[in-house]
Structures are given as structure tokens and as C-alpha cells.
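A.B. asks: Fold the following and give me the result.
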Amino acid sequence: MRRIVPIVLLCALLPLHVATLRNAGREWKALPQGEETAYTIPGPVLKLTSLEFDGVAADFMFLRALVFYGSTFERTEKPRVKEWEWRRLYNDLAAATDLDPYFLDPYYFAQANLTWEGNLVRETNLLLEKGSQYRDWDWMLPFYTGFNHFYFLKENDQASVYLMEASRRPGATPLIASLATRLALKGKRTENAIFFLREMLRREEDEEVKKTYRIRLEALSGILALERAVELFREQFGYLPTSLDSLVEAGLISKIPIDPYGGKFFISYDGSIGTTSDLR
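C.D. replies: This next block holds a predicted model:
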């Protein structure tokens, strides 16, 4: 009798699964040329049709995202990944985490790629909030969410809320609580960003992601050195420098830092430091 029940259930759900695939096929064909592979069957539908194999289905959706993303490195055109392709990656990761919300790798992949390159910051935060709800012992997910609110969205109040949540979870470094307090104050944006990235680098195991973080740290360290030199210049001379060369001539820096992203640093009219590269 016990063997009959799963068979009956499978037979009952099989037509639904076939109908789902048929409808997905129609939607696939209706998509604009070039964007058809962006279609992902929604996670709740996949969870229903995958029966008790939702863990395997989650692995498959994440693998699909990894394989596609890896294939883009063979391209030479710019941008390497198109906007709709980032959306496809997000949909795959959302489906994977709908199937298995405890699955950690999709959250890390989203944080490392969809934010910095894909500009899908709010979407990534939705994933991280989902993961944080289920993985309620994991302090890194609210930490990442707080970083995104601070660095990309410039929402310090929201960032502070998530960092305080992260600080209350097991294994969190005590410095997170103090950083949450600092974010309530204006200024020190670059300094705080460096703190965030150093902590992310310390926790990261993937060497490629660590390499990316190191490059960003190098760029931000250059910006921080210039910001401090500009402030010293203003204190000494009573006005803002008009160029970075003025900082060298005043002996405040020995040379202008190099932007590792290939751009050039410059001073804006308000004394802030910018770059001609796409550093975010």
C-alpha cells in the first residue's frame, strides 16, 4: 500500500508537469530573439513539479547559472554580459533558492557578481533576505545585505539595521556592532567600505572572488589616501586643491595612486575624489 501512494501521486502530478513544460515552451517561443534563454520556470512551480527532489532541482538551477556565467568569459565584446543575461542569472538563482532556501552557494554567487557587475543590488538583497530568514544562524547574509545598503544604495540607516542583526548572530566579529553605530554618522564612506571589504576578503574562500576584492581594496585605498590629502591641503591652505598635482607639489603625497581598473583619479569641484573608470 505504501508503494502505491507515491505512484498514484506521481501519476496525478505528471499531467501538471507536462502542462507546465508545454506552457513554458510557448513562453520561450514568444520571447524576443536572443533573450529566449532568459526564461526560467518560477521557483514555486519547479518546487511543485520536482516532488521530493527539490534539492537536486536546486543544484541543477545553480549549475545552470554557473555554466552560463562561465561561458561569458569566452566573449570579447563589451559589455561581456548583457542586461537581460544578468536578469536570467538572477532568475536562476532565485529559483534555486526557492527550491532550497538553505542552499548557501547561490547567495554567495549573487553577492559576488550580481551587485558589482550586474547592477542588480536590490534584487540581490531580496535573495539575501530570503536566505537570512531561513539560515538564521548565518551572520554573513545580513552582513552582505547591510554592505549593499551602505555601499551601493547609500542607505546608511537600513545598513545599520542589517549589521545589528548580523552582530547578534553566532560567530559574528564584535567589530560589526561598532560599524553599525558608525554608519549612523555622516562621512567616512570610503573608510567604512574598506572595513567591509577586508572582512569579506577574510571570510571568502573562492580565489577568484578574493582577487576581485583585493583589486577593489587597492582602488579604495588609493581613494582614501587622496581624500585624506585633500583634507590636509584644505586645513593648511584654506581652500580646496584644483588638481591632484597640487597634492604632490604640496608634499602631501609622493605620487598620484594608480586606479587598478584602468581609469584616472581626479578631484571634483566639491573636493571629493572620483575616477574615470567604472569603479562602483
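A.B. asks: element containing the residue most central in space within the chain, please.
C.D. replies: The C-alpha lying nearest the average C-alpha coordinate of the chain belongs to Gln111 (CA atoms, centre = their mean; 2.7 Å). Using DSSP states H and E, the element containing Gln111 is helix 105-113.
A.B. asks: helices or strands next to that helix in the packing?
C.D. replies: With contacts taken as 3 or more CB pairs under 8 Å, 6 or more residues apart in numbering; DSSP states H and E, helix 105-113 sits against helix 54-71, helix 83-99, helix 121-134, helix 140-151. Bear in mind the C-beta positions are built from the backbone N, C-alpha and C, glycine included.
A.B. asks: again, 6 Å this time
C.D. replies: Secondary structure elements in contact with helix 105-113, counted by 3 or more CB pairs under 6 Å, 6 or more residues apart in numbering; DSSP states H and E, are helix 83-99, helix 121-134.
A.B. asks: what's next to that helix, contact-wise?
C.D. replies: Helix 105-113 is contacted from outside by 62, 93, 96-97, 124, 127-128, 131, 144, 209, using CB atoms under 6 Å, 6 or more residues apart in numbering.
A.B. asks: So how do I select the buried members of those in PyMOL?
C.D. replies: Buried members of those, identified by 16 or more other CB atoms under 10 Å, are gathered into one PyMOL selection as follows:
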select buried, resi 62+93+96+97+124+127+128+131+144+209
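A.B. asks: residues in contact with Leu220?
C.D. replies: The neighbourhood of Leu220, defined by CB under 6 Å, 6+ apart, consists of 190, 193-194.
A.B. asks: from the residues you listed, which has minimum pLDDT?
C.D. replies: The lowest pLDDT within these belongs to Ala193, which sits at 83.
A.B. asks: follow-up on the earlier one: ok, the contacts of Leu220 vs Ser272, which is closest?
C.D. replies: The nearest member of the contacts of Leu220 to Ser272, counting by CB to CB, is Thr190 at 9.8 Å.
A.B. asks: Are we agreed that that closest one is in a strand?
C.D. replies: No: for Thr190, which was evaluated using DSSP: H, G, I helix; E, B strand; the rest coil, the result is helix, with no strand membership.
A.B. asks: could the contacts of helix 105-113 go into TSV alongside pLDDT and distance to Ala180?
C.D. replies: What follows is those, written out as TSV (pLDDT from 0 to 100; distance: CB to CB, whole Å):
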residue	pLDDT	distance to Ala180
Phe62	93	31
Leu93	96	27
Ala96	93	30
Thr97	95	26
Thr124	98	20
Leu127	98	22
Leu128	98	16
Gly131	98	20
Tyr144	96	14
Val209	80	24
